[in-house]
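Participant: Just a sequence and a predicted model for now, questions to come.
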Amino acid sequence: MNPNVHALDRARARPSEIQRPDRAEVESAVRTIIRWTGEDPDRDGLRETPARVTRAFEEFFAGYGQDPVEILRKTFEEIEGYDEMIVLRGIRFESHCEHHMAPIIGQAWVAYIPNGRVVGISKLARVVDVYARRLQIQEKMTAQIANTINDVLEPQGVGVIIKASHHCMTTRGVHKPDTDLVTSRMLGCFRDNALTRQEFLGMAT
């Protein structure tokens, strides 16, 4: 474990604590929104909606209560000198944009070249989920995933590519369906070695 991954890194990996409202306040806010739309929150079909929305939001934004550094802490060193690229492809995720709270639906490709130790592949998917289950912009999420893997595992290099559809522009605003946004973050040998970068890019197309 990189000795620099301590309290400062945890502060970067996990948002600072804020005063969270209780469940009753959240449900009341949802009732207000329902009234604002012109609907009656007390009619049969909507009476339980505030509670359902609150439970859904707990799931959508569960990443605020999880620590990606801790997820990556357990590694394996008995790898017989393996030092080739490891790629986990097509990790589906659901997130929400921080500007409109509209869904972001996409896939992530995560790669690294180990430097004496590896991590369980499910942990890579979990790191993607931790950052996805927060209010996000895709560029920041891409960097967060790559930076955290790089800091904790200290590999030879890390590459992350994300392709996602943003409902804030496909279902509202400019209404451009069938578009997606592609972002990438390359660190270490993925940034410095064109052949390594090209190999990874070829696996993500």
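Facilitator: Received it, and whenever you're ready, just let me know what you need.
Participant: What strand or helix carries the nearest residue in space to residue 107 that is not next to it in sequence?
Facilitator: Closest residue to residue 107 apart from its sequence neighbours, by C-beta to C-beta, 6 or more residues apart in numbering: residue 90 at 4.9 Å. Using the backbone N, CA and C atoms, a C-beta is placed for each residue, glycine as well. According to DSSP states H and E, residue 90 maps onto strand 86-97.
Participant: Can you name the next helix or strand after that strand?
Facilitator: Next along from strand 86-97, by DSSP H and E: strand 103-113.
Participant: Let me see the confidence value for residue 20.
Facilitator: On the pLDDT scale, residue 20 is placed at 86.
Participant: mind listing what's buried in the longest helix along the chain?
Facilitator: In the chain, assigned by DSSP state H, the helix with the most residues is helix 138-153. Residues 138, 141-153 are the ones in helix 138-153 that count as buried (16 or more other C-beta atoms under 10 Å).
Participant: for stretch 162-173, same thing?
Facilitator: For stretch 162-173, by 16+ other C-beta under 10 Å, it's 162-170.
Participant: go on, stretch 22-33?
Facilitator: Those would be 26-27, 30-31, for stretch 22-33 by 16+ other C-beta under 10 Å.
Participant: closest to residue 184 among the residues you listed?
Facilitator: For the buried residues of stretch 22-33, the minimum distance to residue 184 (C-beta to C-beta) is 35.8 Å, reached by residue 26.
Participant: Regarding that closest one, what is its secondary structure?
Facilitator: helix (DSSP: H, G, I helix; E, B strand; the rest coil).
Participant: any idea what sits nearest it, other than its immediate chain neighbours?
Facilitator: residue 54 (4.7 Å).
Participant: returning to that earlier point: got the angle between the strand holding residue 90 and helix 138-153?
Facilitator: Here strand 86-97 runs at an angle of 140 degrees relative to helix 138-153 (axes from the mean of the first three to the mean of the last three C-alpha atoms, to 10 degrees).
Participant: so what strands line up beside strand 86-97?
Facilitator: Using DSSP bridges, the strands paired with strand 86-97 are strand 103-113 (antiparallel), strand 135-136 (parallel).
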